[in-house]
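Colleague: Pasting the sequence and the predicted coordinates here, then a few questions.
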Amino acid sequence: MTRPSKNRPAGFYTLYDKITRENTLSYAWILVRANQGGPGIDGGSFFILFLLCFC
């Protein structure tokens, strides 16, 4: 188990654990597919995310 970093907010690890759970990621993928990978509220599309993560 890692110690909380002094640079991280107090709830960082709690939030990180929730967003990296398989069921959360699966639901997010369903929403992306329903939106056909189009831009969300932040204007970023799935294609941009793909480029950032895999290129």
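Modeller: That came through fine. Numbers count the residues shown, from 1 in each chain.

Colleague: so what's the residue nearest the centre of the chain up against?
Modeller: The centre of the chain sits closest to Ile19, judged by C-alpha atoms, centre = their mean, with a distance of 6.2 Å. Counting by C-beta atoms under 8 Å, 6 or more residues apart in numbering, Ile19 makes contact with Leu25. No exception for glycine: its C-beta is placed from N, CA and C like everyone else's.

Colleague: That one and Pro9: what is the separation?
Modeller: Counting by C-beta to C-beta, to the nearest Å, the separation of Ile19 from Pro9 is 14 Å.

Colleague: before we move on, what about Tyr27?
Modeller: From Tyr27 to Pro9 the distance is 24 Å (C-beta to C-beta).

Colleague: can you count the residues close to Thr20?
Modeller: Close neighbours of Thr20, defined as other C-beta atoms under 10 Å, add up to 9.

Colleague: And it, how close does it get to Trp29?
Modeller: For Thr20, the distance to Trp29 equals 13 Å [C-beta to C-beta].

Colleague: okay, and the common contacts of the two?
Modeller: Here Thr20 and Trp29 have no joint contacts, going by C-beta under 8 Å, 6+ apart.
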